[in-house]
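[1] Coordinates only, no sequence provided:
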């Protein structure tokens, strides 16, 4: 974990923010307890589809997620932003700027709805 934290610190010596998908797949049907595969790759357990989210906690860097858009079916997708160690204020500022640029405030938060239901 120490080596990973050092590599993250090196990355943030050059970049201000890392942007990644929040999760590996768009929202799925609520009747499925967890995804069994993503892009043809089998997943062995519930937490594997969340790997993008929890793996970054090992870097000891602050992270947050913001709404980033919608699938063709109108389901929300998020973007995870990661900042340099102890860089919470700069990360929150970057997230605020992204939210303004994406102009999604009028579309979130969403009321829950059934997959496939019209927008």
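    Structure's in. What do you need? In this text, all values refer to a predicted model and were calculated from it rather than measured experimentally.

[2] For the protein, give me the ranges with low pLDDT.
    For the chain, the stretches with pLDDT under 70 are 109-119.

[3] wait, what's in contact with the residue nearest the centre of the chain?
    Closest to where the C-alpha atoms of the chain average out (CA atoms, centre = their mean) is residue 22, at 1.8 Å. The contact partners of residue 22, taken as CB atoms under 8 Å, 6 or more residues apart in numbering, are 52, 53, 65, 77, 78, 79, 80. C-betas here are computed from N, CA, C, even on glycine.

[4] got a list of contacts for the one helix or strand residue 10 maps to?
    When secondary structure is defined by DSSP states H and E, residue 10 falls within helix 2-14. The contact list for helix 2-14 (CB under 8 Å, 6+ apart) reads 18, 58, 59, 60, 61, 83, 84, 85, 87.

[5] mind redoing it with 6 Å?
    For helix 2-14, the external contacting residues (CB atoms under 6 Å, 6 or more residues apart in numbering) are 58, 59, 60, 61, 84.
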